[in-house]
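Participant: I would like to see how this sequence folds:
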Amino acid sequence: MNSLKKSIAILFFTALTIAGAQVSFSIPGIIVPVTLQTLAILGAGLFLAPMAAFVSMLIYLIAGLFFPVFAGNTYGPEIFRGATAGYLLFFPIAAFFTSSFSKKFTDARGVFLLGVMAHFIIIIPGNLWSVLFNFTSPGQLPINVMWLLPATVIKSGILALMVPFIRKKMEAYGLAL
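Facilitator: Predicted coordinates:
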């Protein structure tokens, strides 16, 4: 992939992550909102090389220092000291992980499994961060995970249905990344 195409693809998934952050809802008793960000994060991993996927999410985090790109139009360095920081900091790692295994998980079932695993790369450290820095109690950890599980399954299912179709269309038009 040439440099311009790669840069555009990286910024495209950064922009999708920003858009996904704006679609959010809260679950009572859970400090983090459920968003569509992970669809874009995992999409970056499924369509970009590992470092490109990582960089795309790193750009997202850096943008969040200066612009209201996070859920609820929040931004600034204080976000990285708050309850959602543990989730945010693992976005690049989840994208890298997804990309690293995306060639092995190409059918719908594999994409679903990869999506669930990548979600947990975000959910578990995010919840541990919340407990470690006293945003929530240790007893809340399994409750948080259980509340986030349905969204994980739904978003991974959406990816599982979409990705094989999108890959075929991209290859048909010579747009394979």
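
Participant: and the helix of greatest length in the chain, average pLDDT?
Facilitator: Identified as the longest helix of the chain according to DSSP state H is helix 141-172. For helix 141-172, the mean pLDDT works out to 86.

Participant: now stretch 64-84
Facilitator: The model assigns stretch 64-84 a mean pLDDT of 95.

Participant: Residue 13: how many residues sit nearby?
Facilitator: Neighbours of residue 13 under the rule other CB atoms under 10 Å: 26. Using the backbone N, CA and C atoms, a C-beta is placed for each residue, glycine as well.

Participant: after the helix or strand hosting residue 21 comes which helix or strand?
Facilitator: Secondary structure assignment for residue 21, by DSSP states H and E: helix 3-22. Going down the chain from helix 3-22, the next helix or strand is strand 24-25, by DSSP H and E.

Participant: Which neighbouring elements make contact with the helix or strand just after that next one?
Facilitator: Following strand 24-25 in sequence order, the next helix or strand is strand 34-35 (DSSP H and E). With contacts taken as 3 or more CB pairs under 8 Å, 6 or more residues apart in numbering; DSSP states H and E, strand 34-35 sits against strand 24-25.

Participant: same for the strand it packs on, what does it pack against?
Facilitator: Judged by 3+ CB pairs under 8 Å, 6+ apart, strand 24-25 is in contact with strand 34-35.

Participant: For burial, what's the neighbour tally of residue 105?
Facilitator: Neighbour count of residue 105, defined by other CB under 10 Å: 19.

Participant: Measure how far stretch 85-94 is from the centre of its chain, please.
Facilitator: For stretch 85-94, the separation from the chain centroid amounts to 8 Å (computed by CA atoms, centre = their mean, to the nearest Å).

Participant: try stretch 106-117
Facilitator: On CA atoms, centre = their mean, the centre of stretch 106-117 falls 14 Å from that of its chain.

Participant: Adjust the sequence numbering to begin at 760 for everything that follows.
Facilitator: In the new numbering, first residue 760, that becomes stretch 865-876.

Participant: coming back round to it: contacts for the helix holding residue 780 next, please.
Facilitator: 760, 794-800, 802-803, 806-807, 811-812, 814-816, 818-819, 822, 828-830, 832, 850, 854, 936 (CB atoms under 8 Å, 6 or more residues apart in numbering).

Participant: chain center to the longest helix of the chain, what's the gap?
Facilitator: 10 Å.

Participant: Which strands and helices lie in contact with that helix?
Facilitator: With contacts defined as 3+ CB pairs under 8 Å, 6+ apart, the packing partners of helix 900-931 are helix 796-806, helix 867-891.

Participant: buried set for the longest one?
Facilitator: Looking back up the chat, that one is helix 867-891. Across helix 867-891, burial judged by 16 or more other CB atoms under 10 Å covers 867, 869-871, 873-886, 888-890.
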